[in-house]
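*Asks:* Turn this into a structure:
(chains A and B, ligands or ions: 2)
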Amino acid sequence: MVFIEQNDNVPADVSLELLSRARELADNLGLEVEGVALGYGLQNWLPNLGAYGCDRAYALEDERLAHFSSIPYTKGLVQIIQKHQPRFMLFGATTTGRDVAPRVASTLQCGLTADCTDLQIGDHKFKKRSYQDILLQIRPAFGGNIIATIVSPESRPSLATVREGVMKKKETHSPPTCRVIQESCPWESGDFPTEILEVVRQAKNVDLKTEKVIVSAGMGASSPESLKLVRELADLLGGEVGSSRPVVDGGFLHKEHQVGQTGTTVRPNLYIACGISGQIQHRAGMSEAKRIIAVNSDPEAPIFDIAHYGIVGDVNQVLQRMIKAYKQKL
Amino acid sequence: MSLNMLVLVKQVPDTQNVTGEAMRPDGTVNRDALPAIFNPEDLNALEEALKIKDRLGGVVTAMSMGPPKAADVVKECLYRGADKGILVSDRGFAGSDTLATSYALTCAITRLSGFDLVFCGRQAIDGDTAQVGPQVAEKLGVNQLTCVADILDISRDRIVVKRQIENGYEKLAASLPVLLTVTSEANEPRSANAKRVMGFKRIVCCEDAEGTDCWPCEPIEHIKQWDIQAIAADAERCGFSGSATWVKKIDNVVLTARETKGIENSEPGISGLINELMEEHII
Ligand SMILES: Cc1cc2nc3c(=O)[nH]c(=O)nc-3n(C[C@H](O)[C@H](O)[C@H](O)COP(=O)(O)OP(=O)(O)OC[C@H]3O[C@@H](n4cnc5c(N)ncnc54)[C@H](O)[C@@H]3O)c2cc1C
Ligand SMILES: Nc1ncnc2c1ncn2[C@@H]1O[C@H](COP(=O)(O)O)[C@@H](O)[C@H]1O
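*Replies:* Ligands and ions are numbered 1, 2, ... in the order given. The predicted structure follows:
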């Protein structure tokens, strides 16, 4: 079962990504994929989730649920989970998912694994007991220096939050519709202890996840001159500017541009890493790009280990040469 | 008006500075070689509590669960302005996941005579789970406000906060008691106060099995240390036996080292690369 997070009646990308992955896992196990959504006006879009592999969606409708709030969402989710007994319960690792999932898991006294980057099905043996077809929850730990596989075989369900962008959203071509089942929950006035005074959300200006070409600036390309060249090349190639974390922390670029473990996970056709050393936490967000070009003055920089093409040299010079070469071919 | 505030703080290995020495030749992390530090966002949580105390008065109690060495972070809280300190420590807590940790912390909090505000860091850098706060709130049966980046208003019975969300924020109001998880955006934590350091430098932990919640001396003479019995916890729900999540395996992050094609940093070299990418319709 997937928690379908909605904001202003638009399902979160990560929920659709989770449905797609849940579909693959369910097909292997002969299970069904269910969704659960809370909000107001859900009927308008819940049926469309069939296109992402959702067989059935449970809807909890109430005006007071239009915007996320911890206590009523926990109560609704706990009720649906207890009634329908899913084997696995997945949440996006967003500020919403990471607020409500622990509270739900605590109520159910079930295991919850935070911020997974991969989900698999497998077996586990522990002290003479063996468990088949359980959820293997894979996540980086220790600041990204190790990868841990976590299991919670005695929990029904096993709960996990999954990071946005690590699973691929897949639309099936002949969309079957998703059956929507209205559920009810006995809300009381005490179930809404938090007053929502204001919600401010800027539209995303940059969405690295959907870009085909990303030209990314690290600390070696953080001077105004380098950043101008990075921007110029990105525009020329019809792509977007990415960055490493210190470039964002230093205030050179907005957080939306950050790639990596604590930034966005990207899979473009082409990733050009300019003046990026290539620490584990950065690579975690870009190593699956189809082609990686690394530009760095230090031939020993770890970024070269995962690059398809390596250019040792000064970023400004290399970027100027790339811009010139591309313009000549147009 | 005076508020009764509790801050939950954790001692963590410094995962943000994993240097060569902390990585074993086989690529695994040598925890012992990592310095133990005060979880960064717990300092922000403490600072918010101290700010409220400065403005409105009140009592700030710091509590940590961990091995005896975790007394260091409780002491640090006293240095910075906390009034009381509690260390929850027992071998039986070893191997706790967030479910077992939040259970033990809740038992310990229940031994106190009530509170208006509980502060946690948003997440601890060893596991980055951000789960313990909401799970403690659920077990205590109180409301929660997570990812708090600013406290906009506070009175005896109501708090207004700014909560960080994706691409924006929410402004939320809730009545007390409530549990908050605080992010690093919230403040710049104060440093230790020299006079308080002198006063508390030699403070030690003292086991305290009785079920009372009074600190007879002012300033306090010791950090209270509670074990499983002292917090009346069910040993089955603590430590590994109380944990629903188990680590199946740990892998090192392996580089899928690629055949890297070296491109000469010259006009012909780069022009050739651009050509190749265009021919393959990459760009
Ligand atoms: C918990 C945690 C999470 C993290 N999350 C992220 C994350 O999401 N994303 C992220 O990116 N990082 C993250 N980091 C930080 C990460 O560990 C690195 O510190 C960071 O990626 C380094 O950025 P950088 O390569 O730009 O800078 P540096 O490491 O300073 O490297 C700069 C590079 O530029 C090269 N250079 C300098 N001058 C030139 C020049 N003129 N021409 C060419 N090359 C030049 C240098 O040789 C060097 O290799 C995280 C760290 C932690 C602990
Ligand atoms: N062992 C502990 N002792 C005290 N507080 C803790 C402990 N573990 C977690 N916390 C609190 O819960 C927050 C979130 O931790 P975590 O869920 O581990 O990311 C921390 O920032 C602390 O405030």
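*Asks:* What ranges in chain A fall below the confidence cut-off?
*Replies:* Under the criterion of pLDDT under 70, the regions of chain A flagged as low confidence span A:173-175.
*Asks:* hmm, try it at 90
*Replies:* Counting by pLDDT under 90, chain A shows low-confidence ranges at A:127, A:140-147, A:165-166, A:168, A:170-177, A:189, A:202-205, A:262, A:329-330.
*Asks:* Helices of that one, residue ranges please.
*Replies:* Using DSSP state H, the helices of chain A run over A:13-29, A:70-84, A:97-108, A:224-236, A:245-249, A:280-283, A:303-306, A:315-329.
*Asks:* Check which helices and strands the fourth one is in contact with.
*Replies:* What that stands for is helix A:224-236. Here helix A:224-236 touches strand A:213-217, strand A:240-243, strand A:270-274, helix A:315-329, going by 3 or more Cβ pairs under 8 Å, 6 or more residues apart in numbering or on different chains; DSSP states H and E. Glycine gets a C-beta too; all of them are placed from N, C-alpha and C.
*Asks:* quick revisit: can you lay out the helices of chain A as TSV showing distance to B:Ala233 and mean neighbour count?
*Replies:* Below are the helices of chain A laid out as TSV (distance: least, Cβ to Cβ, whole Å; neighbours: other Cβ atoms under 10 Å in any protein chain shown):
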stretch	distance to B:Ala233	mean neighbour count
helix A:13-29	35	21
helix A:70-84	24	20
helix A:97-108	15	26
helix A:224-236	55	17
helix A:245-249	40	19
helix A:280-283	37	22
helix A:303-306	47	22
helix A:315-329	57	18
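*Asks:* Out of the ones you listed, which is closest to ligand 2?
*Replies:* The minimum distance between ligand 2 and the helices of chain A falls on helix A:97-108, with 7.7 Å, by Cβ to the nearest ligand atom.
*Asks:* which residues make contact with that closest one from outside it?
*Replies:* Helix A:97-108 is touched from outside by A:3, A:5, A:14, A:68, A:70, A:73-74, A:77-78, A:81-82, A:89, A:91, A:111-112, A:114-115, A:155, A:157, A:159, A:161, B:98-99, B:102, B:129-135, B:137-139, B:144, B:146-147, B:244, with contacts defined as Cβ atoms under 8 Å, 6 or more residues apart in numbering or on different chains.
*Asks:* Who are the contact partners of B:Ser102?
*Replies:* When contacts are taken as Cβ under 8 Å, 6+ apart, B:Ser102 is in contact with A:Ser106, B:Gln131, B:Val132, B:Gln135, B:Val136, B:Glu138, B:Lys139.
*Asks:* So which of those is the closest to ligand 1?
*Replies:* Using Cβ to the nearest ligand atom, B:Gln131 is the member of these that lies nearest ligand 1, at 17.0 Å.
*Asks:* got a pLDDT number for the closest one?
*Replies:* The model reports B:Gln131 with a pLDDT of 98.
*Asks:* residues from the stretch 1-150 of chain A in reach of ligand 1?
*Replies:* On the criterion Cβ under 6 Å from any ligand atom, ligand 1 has as its neighbours in the stretch 1-150 of chain A the residues A:Gly143, A:Gly144.
*Asks:* So what's the residue count around residue 270?
*Replies:* Defaulting to chain A. Using other Cβ atoms under 10 Å in any protein chain shown, A:Leu270 has 21 other residues around it.
*Asks:* Wait, chain B was what I had in mind.
*Replies:* Using other Cβ under 10 Å, the number of residues around B:Ile270 comes to 27.
*Asks:* Give the closest residue to it in space, chain neighbours not counted.
*Replies:* With Cβ to Cβ, 6 or more residues apart in numbering or on different chains as the measure, A:Arg321 is the residue that lies nearest to B:Ile270, at 4.3 Å, once sequence neighbours are left out.
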